[in-house]
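**Student:** with the sequence up front, the predicted model follows.
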Amino acid sequence: QVQLVESGGGLVQPGGSLRLSCVASGSIFNMYAMGWYRQAPGKQRELVAAISSGGSTNYTDSVKGRFTISRDVTKNTVYLQMNSLKSEDTAVYYCNADVQLYFWNANRYIYWGQGTQVTVSS
């Protein structure tokens, strides 16, 4: 019913930048919070950044001052601008969204994208 498609990952040198995008499509009446998570090999998935429908943001401590999350409500798209990348940022990055599908049903569902690989290496 709802698909999230990430793009923008790749290989970058330490200190470089990448911009991730995630577009949501499908049966969407209202989109609440959207977020970016990441999972490095052998580690649990962790929240990187999230943004509410009103634009409030929060970040994990390790990316504060380097990453910026933003969204375009009209396009159901969330972005993650990543600057000053470090080797420890290497992971698969996933976006997710908290979605209400129909105006007549207040239930909300969490959807995930398929992930995009970010590799920071010289």
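**Tutor:** Perfect, thanks for sending it.
**Student:** contacts only, for residue 26.
**Tutor:** Neighbour list for residue 26: 1, 2, 3 [criterion: CB atoms under 8 Å, 6 or more residues apart in numbering]. To be clear about C-beta, it is placed using only N, CA and C from the backbone, and glycine gets the same treatment.
**Student:** tell me which element the most centrally placed residue in the chain falls in.
**Tutor:** Centre of the chain computed as the mean C-alpha position; nearest residue by CA atoms, centre = their mean is residue 36, 2.7 Å away. Per DSSP states H and E: residue 36 is located in strand 30-39.
**Student:** which residues of this protein fall in strands?
**Tutor:** 2-7, 10-12, 18-26, 30-39, 46-51, 57-59, 67-72, 77-82, 91-102, 105-112, 116-120 (DSSP state E).
**Student:** looking at those, which is buried most?
**Tutor:** Across the strands of the chain, averaging neighbours per residue (mean count of other CB atoms under 10 Å) puts strand 77-82 on top, at a mean of 22.
**Student:** run through who's touching that strand.
**Tutor:** The contact list for strand 77-82 (CB under 8 Å, 6+ apart) reads 17-24, 34-36, 48-49, 51, 63, 66-72, 89, 93, 95, 97, 118.
**Student:** may I have the beta-bridge partners of residue 99?
**Tutor:** With DSSP bridges applied, residue 99 shows beta-bridge pairing to residue 31, residue 109.
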